[in-house]
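Chemist: Sequence and predicted structure are below.
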Amino acid sequence: MAQVNLIPYTIQSIEDSKNETPEGVQLVQAPAVWEKGYEGEEIVIAVIDTGIESNHPDLEEQIIGGRNFTSDYNGDQGNFEDNNGHGTHVSGTIAASFNDDGVVGIAPKAKILSLKALTGGGSGEYDWIIDAINYAVEWSGPNNERARVICMSLGGPNDVPEMHEAIQHAVNQGVSVVVAAGNEGDGQEDTIEHAYPGAYNEVISVGAVDMDLQLAPFSNTHNEVDLVAPGVDVLSTYIDNKFARLSGTSMAAPHVAGALALIIKLSEKEFDRSLIESEIYAQLIRRTLPLDYQKTAEGNGFLLLNLVEQLDRINTPSLSKNDRQP
């Protein structure tokens, strides 16, 4: 069987130090949600990728657990160190911590369950991916934490039924599965490019735009794209305690995974109960703004975490319950 691979990505630059909130984090309005007191605390996100640099200053406090499913490190299951850079970059966009240095992620108090299912070369067996998905669903933390979100910036040309079934099982167990839409795009909105798992209906498939909200020409277009997020020149953590700017739908997906950590905390507080996966998805889509591209390109639109509150502020006449017609 063919292998699954990292969604291709471009390294724009590698830098020694930073002290800023990345532009993508600001664009999706994460700071506005932090100001309300929601930073992703108690939410665990399973990142199925190339691992994580466990001693990176922005990430070392965020890691709640991990496992290696690959043949790297002689198959040592306890060694999930990132020997590629991709997994560390994705993890930083999700949850790099507030520490007055480096960068900050979308959900800076969320926890990362790092599941290394791709080798340092960026490829992996489908069985590794399937095992990692099932592990994420079954995992229980030291205080009985459960993973609420899975993030996968990987893909391949093959529709593998066993992988699809594992994803369906995860969603049925209440886990939101966020994936990169893919980078086979040709810049045309009306042509279809499929990569799996990004083309499955059950996943939250994320396309990429640049920092000017222009559709990235590499972003796959197909009828299962759910939304778009920043995916061009995205600044985040990188191996060797560095920082890097990368481009790809791989970089867009973690913006949404981190956003879900904020949305879950905010929405479950508002509703005063746990929400099922479909309800969480609905809360995510409430926070998207159409950009006037075809649905195959942008899905529901661009992620804007503070959109609901902004709409509430619009000064339009409203009827109280007592004024409404039956």
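Modeler: Ah, there it is.

Chemist: What segments of the stretch 201-326 of the chain are strands?
Modeler: Taking DSSP state E, counting those that start in this stretch, the strands of the stretch 201-326 of the chain run over residues 204-209, 225-230, 234-238, 242-247, 288-289, 302-303.

Chemist: Which one of these lies nearest to Lys295?
Modeler: strand 225-230 (7.4 Å; C-beta to C-beta). Where C-beta positions appear, they are placed from N, C-alpha and C, glycine not excepted.

Chemist: what does the closest one rub up against?
Modeler: Here strand 225-230 makes contact (C-beta atoms under 8 Å, 6 or more residues apart in numbering) with 23-24, 27-28, 181, 204-211, 215, 219, 251-253, 255-256, 259, 284-285, 288, 291, 295-303.

Chemist: from the residues you listed, which ones fall inside helices?
Modeler: 23-24, 27, 251-253, 255-256, 259, 284-285, 295-298 (DSSP state H).

Chemist: Quick one, which of these are buried?
Modeler: 24, 27, 251-253, 255-256, 259, 284, 296-298 (16 or more other C-beta atoms under 10 Å).

Chemist: just these: which has the poorest pLDDT?
Modeler: Among those, Thr296 carries the lowest pLDDT, at 85.

Chemist: Count the residues that sit near the closest residue in space to that residue that isn't next to it in sequence.
Modeler: In space, Thr296 comes closest to Thr221 once its chain neighbours are excluded; the distance is 4.5 Å by C-beta to C-beta, 6 or more residues apart in numbering. The number of residues packed near Thr221 is 27, by other C-beta atoms under 10 Å.

Chemist: how far away is Thr221 from His89?
Modeler: Counting by C-beta to C-beta, to the nearest Å, the gap from Thr221 to His89 is 24 Å.

Chemist: contacting residues for the nearest residue to Pro230 once chain neighbours are set aside?
Modeler: Distances taken as C-beta to C-beta, 6+ apart place Gly24 nearest to Pro230, at 3.3 Å, with adjacent residues excluded. Contacts for Gly24 were tallied using C-beta under 8 Å, 6+ apart; they are 93, 211, 229-230, 234-235, 251, 255.

Chemist: just the strands of the stretch 201-326 of the chain: most buried one?
Modeler: strand 204-209 (a mean of 29; mean count of other C-beta atoms under 10 Å).

Chemist: Tell me what angle that strand forms with strand 234-238.
Modeler: Strand 204-209 runs at 120 degrees relative to strand 234-238, counting by axes from the mean of the first three to the mean of the last three C-alpha atoms, to 10 degrees.

Chemist: Next one, pLDDT for Pro230 please.
Modeler: Here the pLDDT value assigned to Pro230 is 98.

Chemist: I meant Glu15, not that one.
Modeler: pLDDT, Glu15: 89.

Chemist: What's the local residue count around it?
Modeler: Count around Glu15 with other C-beta under 10 Å applied: 11.

Chemist: Please apply the same query to the one 5 residues further on.
Modeler: Other residues near Glu20 number 13, with proximity taken as other C-beta under 10 Å.

Chemist: where's Leu115, which helix or strand?
Modeler: Using DSSP states H and E, Leu115 falls within strand 111-116.

Chemist: elements contacting that strand?
Modeler: Counting contacts by 3 or more C-beta pairs under 8 Å, 6 or more residues apart in numbering; DSSP states H and E, strand 111-116 packs against strand 44-49, strand 63-68, helix 86-95, helix 126-138.

Chemist: Figure out which of these is closest to Gln12.
Modeler: helix 86-95 (11.3 Å).

Chemist: Could you pull up the residues touching the residue lying closest to Leu307 once chain neighbours are set aside?
Modeler: Nearest residue to Leu307, sequence neighbours excluded (C-beta to C-beta, 6+ apart): Arg287, at 4.9 Å. With contact taken as C-beta under 8 Å, 6+ apart, Arg287 is in contact with 259, 263, 303-308.

Chemist: how much space between the residue nearest to Thr296 and Pro8?
Modeler: 16 Å.

Chemist: One more: Asp76?
Modeler: For Asp76, the distance to Pro8 equals 28 Å [C-beta to C-beta].

Chemist: higher neighbour count, the two?
Modeler: Neighbour totals were compared for Asp76 and Pro8, and Pro8 leads with 15 against 12 (other C-beta under 10 Å).

Chemist: Doesn't that one belong to a strand?
Modeler: No: assignment of Pro8 by DSSP: H, G, I helix; E, B strand; the rest coil gives coil, placing it outside any strand.

Chemist: For Lys269, which of the helices and strands packed on strand 111-116 is the nearest?
Modeler: It is, among those and with distance given as C-beta to C-beta, strand 44-49, at 17.6 Å.

Chemist: mind saving the C-alpha coords of the closest one as PDB?
Modeler: In PDB, the C-alpha atoms belonging to strand 44-49 read as follows (Å, rounded to 0.1, in the frame of the first residue of the first chain):
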ATOM      1  CA  VAL A  44      -6.100  18.400  24.900                       C
ATOM      2  CA  ILE A  45      -5.300  18.400  21.200                       C
ATOM      3  CA  ALA A  46      -3.800  15.300  19.600                       C
ATOM      4  CA  VAL A  47      -1.300  16.300  16.900                       C
ATOM      5  CA  ILE A  48      -0.600  13.400  14.500                       C
ATOM      6  CA  ASP A  49       2.500  14.600  12.700                       C
END
